[in-house]
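Trainee: sequence and computational prediction follow.
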Amino acid sequence: AQSVTQLGSHVSVSEGALVLLRCNYSSSVPPYLFWYVQYPNQGLQLLLKYTSAATLVKGINGFEAEFKKSETSFHLTKPSAHMSDAAEYFCAVNLKAAGNKLTFGGGTRVLVKP
Amino acid sequence: EPEVTQTPSHQVTQMGQEVILRCVPISNHLYFYWYRQILGQKVEFLVSFYNNEISEKSEIFDDQFSVERPDGSNFTLKIRSTKLEDSAMYFCASSGALAGESYEQYFGPGTRLTVT
């Protein structure tokens, strides 16, 4: 079984400040981990993924995430928030096998203040 | 860049009616999925499809739901008799499964289904 917990359903940051979105997972086998972003009235866009290569993963739009097995975490960060980062962010886990479902966390909505 | 497409973008239907949601996955992908997102809730897995058959389905995917790949490009989700609680955004996704490919899933823009 697999599950994902995202701490904080809403996060408010000032433009230029650090963005930190937390994700913890549980999985019976080593997982693949993903962060997706959903802009208003749009679909899900892949930000970055961890597939057992480097534990620090860089994605699009300046985001990165670090896989920490000991903490079962995959937190998403961006050093400096931009107004365009306002969106909902979803962490998801997938078992290491082709075709397995994605299990999503509850999502974190990011508000960026000018 | 190849992308997953979905039609229609918004469908309004009356309770008890049948609806078919359509998806065109990325052309060389082999695994196909449907997810849904009820307003304000998390994205939930419905079903995965590979080699012309369902490979996994969730408890949500009961006898009212069916999926089909009628030709080489389309992937459809049918709800036979819609209920109010079927109102949600439905996302189609696809992923590759060739050696060396990662298992990331590419999502379409979604179909918003409103059941009245």
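Mentor: Yep, that arrived.
Trainee: chain A contacts on chain B?
Mentor: Counting by CB under 8 Å from any CB of the partner chain, the positions of chain B adjacent to chain A are B:31, B:33, B:35, B:41-45, B:48, B:50, B:55-56, B:58, B:91, B:93, B:95, B:97, B:102-110. C-beta coordinates here come from the backbone N, C-alpha and C atoms, glycine included.
Trainee: residues contacting the most centrally placed residue in chain A?
Mentor: Geometric centre of chain A, nearest residue: A:W35, 3.4 Å, by CA atoms, centre = their mean. By CB atoms under 8 Å, 6 or more residues apart in numbering or on different chains, the contact list for A:W35 reads A:21, A:23, A:46-49, A:59, A:63, A:65, A:74, A:76, A:89-92.
Trainee: ok, A:L33 next?
Mentor: Shown in contact with A:L33 (CB under 8 Å, 6+ apart): A:C23, A:Y25, A:K49, A:Y50, A:A65, A:F67, A:F74, A:C91, A:A92, A:V93, A:N94.
Trainee: which residue ranges form the strands in chain B?
Mentor: Using DSSP state E, the strands assigned to chain B run over residues B:5-7, B:10-13, B:19-24, B:31-37, B:44-50, B:53-57, B:65-68, B:75-79, B:88-95, B:106-107, B:111-115.
Trainee: the inter-axis angle of the longest one versus strand B:75-79?
Mentor: On the basis of axes from the mean of the first three to the mean of the last three CA atoms, to 10 degrees, strand B:88-95 is oriented at 150 degrees to strand B:75-79.
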